[in-house]
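Q: structure of the sequence below:
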Amino acid sequence: MSALTLPRNIAERVREEARRLGMSVEEYLVDLLTQGLDPRSRAEEYINAARDLLEQAREELERGDVRQAAEKLWGAAALAVKAYAAWREGRRLASHGELWEYSTVLRRDLGRWAADAWNAGNAMHTCFYEGWCRKEHVEDAIEEVGKLVREVETRIKTGQTQ
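A: Below you'll find the model as predicted:
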């Protein structure tokens, strides 16, 4: 992936808006860019972005940046839930509350492990803001969130509902 350079005032505005909405910058931009897509295409874009964020989390952790790795994992978890909602019901989730609500659908459809993966992603969101977690916490979350991303991606690609 190549870096995108924006004018400083625009970059700051994007960061502020993402922060206000409780999103990572990446999640915010994916949401903006997929608004006009049909639900299936939106789901595919969400899950592709989630997979990319998962890889970025691994790279950040290798560089020793636990907080940035954690934020990427939060974004991957949130985008996986959004992808599932868009694919399963054509629904666009736009808030933390809707993500939490929809995580119960994931739990019901995929199993309790999906709720654990969602919780791991949320712990990473807290880690980003509070800085309390350690490398081992992020490593564990990479495994859990990674499983969620892979399972949602498989269901989107194969059309499997249960």
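Q: show me what the helix or strand of the chain with the lowest mean pLDDT is in contact with.
A: Using mean pLDDT, DSSP states H and E, the weakest-scoring helix or strand in the chain turns out to be helix 25-34, at a mean of 89. For helix 25-34, the surrounding residues in contact (C-beta atoms under 8 Å, 6 or more residues apart in numbering) are 14-15, 17-18, 21, 23, 41-42, 45-46, 49, 53, 72, 75, 78-79, 82, 94. Just so you know, the C-beta spots here come from the backbone N, C-alpha and C atoms, and that holds for glycine as well.
Q: for the helix or strand that it is followed by, what is the distance to the chain centroid?
A: Later in the chain than helix 25-34, the nearest helix or strand by DSSP states H and E is helix 39-62. Between the centre of helix 39-62 and the centre of its host chain there is 7 Å, according to C-alpha atoms, centre = their mean, to the nearest Å.
Q: and if you look at stretch 126-135?
A: Distance, stretch centre to chain centre, for stretch 126-135: 17 Å (C-alpha atoms, centre = their mean).
Q: residue closest to the middle of the chain?
A: Centroid-nearest residue in the chain, with C-alpha atoms, centre = their mean: residue 76, separated by 2.5 Å.
Q: the helix or strand hosting that residue packs against which elements?
A: Element membership for residue 76, per DSSP H and E: helix 66-89. Contacts defined by 3 or more C-beta pairs under 8 Å, 6 or more residues apart in numbering; DSSP states H and E place helix 66-89 against helix 25-34, helix 39-62, helix 96-110, helix 112-130, helix 135-158.
Q: any low-confidence regions in this structure?
A: 1-2, 161-162 (pLDDT under 70).
Q: go with 80
A: 1-3, 128-129, 160-162 (pLDDT under 80).
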